[in-house]
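1. can't give you the sequence, but here's the structure:
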């Protein structure tokens, strides 16, 4: 039997399971009004005393339902799921900051958690004071923390702000310090929620490198992220939560693929797809090779891939920015297949047409039309502009209507993207924006079977491996 040393220096058995979650559920009660809360507090007690049947004055919301899984010592497990699926609630229960309504959670070893921005920080305390506070909360001796303060300060890199109240920090500074503390307290288990998204790119890279180092040193890591690439790169295994239920558990790439299918599925198909994933995962729950059950979910009959181009009328941008018009007005932005069918669920590798209409309310010279494709975070991925001599330099007249079409090859990886539309021309002797729609149209690129391409764009890179010796 292997042994580990506890905080007192006493030898104790080394647990092979770091986190055990058994039949965990979390229920919240929702009240329509404060008076209903008062009724629920008073009436059930009165009814019990009088022998009458009690009536509930609340609505039941099941944040988590019958969650079961284990994390082995040294394993890195990612948790994925749509917003509201119960990921953060589950992490809080595992950390002990929230009590489960039903079930049992057991952890073995010291836990360090970064659940949300500034979690565990007192905004009135200085950064240095909060370091001592966090160490005390996880049972770390003061002397041990003081030995690690130089490493924490170097990693956080917030300078003299360490002795200023946390309420004066920017969001980036707060998360830098929180993460620096979390990874430098010699924890056996590191739990990280989607808190690193507020850091700049260089700091995020620094954090992921440190997580990778902890992983190589045998730390147990539970990681929540909406980034598919991060889950695949960092994790040994992933679980998928949806609607408070654990519906898939297996290899990261397979689980992320199911998550993306669920995320990008049209509303009409999402419920059936979710049930299919859940049924197949349950049917293979006892199989030692988790991959089998997940691969089964990828059968052609179940995928929203291949010829399943779709149009979902409810999938529209929520924050289209309409610029001021200076003589033209863009309308009816949409994507069509080459055959003319309107779509917003696209298949990678096919050609599509981005189309919009421009109505001219003034005479405009040297008109140019443009389009841009953007990633979900706003990064411009590419676009096109017509030449200034479009239509032989002909002026567009007031009252004219123009249909603009851009044909493009969809070489994007599965995800959500946006399109901008713009009209440019001479105003007062200089080229200006005549009209523009930012986030004029939205589209999904549907999941791809056995996708080996990474990041946003599929460059069709295929590895060539030669084995010598």
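-> All right, it came through fine. No experiment lies behind these values; they were computed from the predicted model shown. Numbers count the residues shown, from 1 in each chain.

2. Roughly how far does the most centrally placed residue in the chain sit from residue 415?
-> Nearest to the mean C-alpha position of the chain, by CA atoms, centre = their mean, lies residue 226 at 1.9 Å. Here the criterion is CB to CB, to the nearest Å. By it, residue 226 lies 11 Å from residue 415. For glycine as for every other residue, the C-beta is placed from the backbone atoms N, C-alpha and C.

3. Just give me the neighbour total for residue 237.
-> Residue 237 is flanked by 18 other residues according to other CB atoms under 10 Å.

4. Please read the previous query as pertaining to residue 233.
-> When neighbours are counted by other CB under 10 Å, residue 233 registers 13.

5. SS state for it?
-> Recorded secondary structure, residue 233: helix (DSSP: H, G, I helix; E, B strand; the rest coil).

6. what sits against it?
-> Shown in contact with residue 233 (CB atoms under 8 Å, 6 or more residues apart in numbering): residue 208.

7. what about it, distance to residue 33?
-> Going from residue 233 to residue 33 by CB to CB gives 48 Å.

8. got it, and residue 277?
-> To residue 33, residue 277 is 38 Å away according to CB to CB.

9. Tell me what the nearest residue to residue 178 once chain neighbours are set aside is bridged to.
-> Nearest residue to residue 178, sequence neighbours excluded (CB to CB, 6 or more residues apart in numbering): residue 114, at 5.5 Å. The partner list for residue 114 in beta bridges (DSSP bridges) reads residue 192.

10. Enumerate every residue touching residue 114.
-> Neighbouring residues of residue 114 by CB under 8 Å, 6+ apart: 175, 178-179, 182, 191-193, 195.

11. one more time with 7 Å
-> Counting by CB atoms under 7 Å, 6 or more residues apart in numbering, residue 114 touches 178-179, 182, 192-193, 195.

12. what do you get for residue 385?
-> By CB under 7 Å, 6+ apart, the contact set of residue 385 is 368, 370.

13. Show me the beta-bridge partners of it.
-> Under DSSP bridges, the beta-bridge partners of residue 385 are residue 370.

14. That one and residue 411: what is the separation?
-> When residue 385 is compared with residue 411 (using CB to CB), they lie 20 Å apart.

15. so which strand or helix has residue 35?
-> Taking DSSP states H and E as the criterion, residue 35 maps to helix 34-50.

16. Report the rounded mean pLDDT for that helix.
-> When pLDDT is averaged along helix 34-50, the result is 75.

17. For it, which helices and strands make contact with it?
-> Other helices and strands packing on helix 34-50, by 3 or more CB pairs under 7 Å, 6 or more residues apart in numbering; DSSP states H and E, are absent; none qualifies.

18. Tell me how many other residues crowd residue 180.
-> Using other CB under 10 Å, residue 180 is surrounded by 25 other residues.

19. that's a helix at it, yeah?
-> Yes. Residue 180 sits within a helix when classified using three-state DSSP.

20. so how far is residue 439 from it?
-> 36 Å.

21. So which of the contacts of residue 114 is surrounded by the most neighbours?
-> Among the contacts of residue 114, residue 178 has the most neighbours (other CB under 10 Å), with 27 neighbours.

22. what's the pLDDT at that one?
-> On pLDDT, residue 178 comes in at 83.

23. And the one 5 residues further on, by the same measure?
-> The per-residue pLDDT reported for residue 183 equals 79.

24. so it sits right up against residue 210, yeah?
-> Yes. Counting by CB atoms under 7 Å, residue 210 is a contact partner of residue 183 at 5.4 Å.

25. what about these two, which has more around it?
-> Higher neighbour count among residue 183 and residue 210: residue 183, with 22 against 17, using other CB under 10 Å.

26. Tell me who's in contact with that one.
-> 190, 210, 214.

27. What separation do you get for the residue of the chain most remote from its centre and residue 43?
-> The centre of the chain is farthest from one residue, residue 50, which by CA atoms, centre = their mean lies 51.4 Å away. To residue 43, residue 50 is 10 Å away according to CB to CB.

28. ok, now residue 78?
-> For residue 78, the distance to residue 43 - CB to CB - is 45 Å.

29. ditto for residue 92
-> 31 Å.

30. more crowded one of those two?
-> Neighbour tally, residue 92 and residue 43, criterion other CB under 10 Å: the higher count belongs to residue 92, 20 against 15.

31. For that one, which three-state class applies?
-> Using three-state DSSP, the structure places residue 92 in helix.

32. For it, give its distance to residue 98.
-> Note on residue 92: its distance to residue 98, by CB to CB, is 4 Å.

33. As a check, name the ranges of all strands in the stretch 301-450 of the chain.
-> Using DSSP state E, counting those that start in this stretch, the strands of the stretch 301-450 of the chain run over 321-322, 328-337, 345-346, 351-360, 365-375, 380-385, 401-409, 415-427, 430-445.

34. Present those as a markdown table; the columns should include mean pLDDT.
-> Output for these, formatted as a markdown table (pLDDT from 0 to 100):
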| stretch | mean pLDDT |
| --- | --- |
| strand 321-322 | 86 |
| strand 328-337 | 96 |
| strand 345-346 | 92 |
| strand 351-360 | 96 |
| strand 365-375 | 91 |
| strand 380-385 | 89 |
| strand 401-409 | 94 |
| strand 415-427 | 90 |
| strand 430-445 | 90 |
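
35. Am I right that residue 215 is in contact with residue 77?
-> No. Contact criterion CB under 7 Å: residue 215 and residue 77 do not qualify, at 11.1 Å.

36. Tell me which of those two has more neighbours.
-> Neighbour totals were compared for residue 215 and residue 77, and residue 77 leads with 24 against 19 (other CB under 10 Å).

37. pretty sure that one belongs to a strand, no?
-> Yes. Assessed with three-state DSSP, residue 77 lies in a strand.

38. How about the contacts made by it?
-> 71, 222, 235-239.

39. now swap in residue 311 and tell me
-> By CB under 7 Å, 6+ apart, the residues touching residue 311 are 342-345.

40. ok, 6 Å please
-> 342-344 (CB atoms under 6 Å, 6 or more residues apart in numbering).

41. Restricted to buried residues, select those in ChimeraX.
-> To isolate the buried members of the contacts of residue 311 in ChimeraX, using 16 or more other CB atoms under 10 Å:
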select :343,344
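
42. so of the contacts of residue 311, which ones are in helices?
-> Residues of the contacts of residue 311 located in helices (DSSP state H): none.

43. Check which residues of the helix or strand where residue 27 lies are buried.
-> Assigned by DSSP H and E, residue 27 belongs to strand 17-30. For strand 17-30, burial by neighbour count (16+ other CB under 10 Å) applies to 18-21, 24-26.
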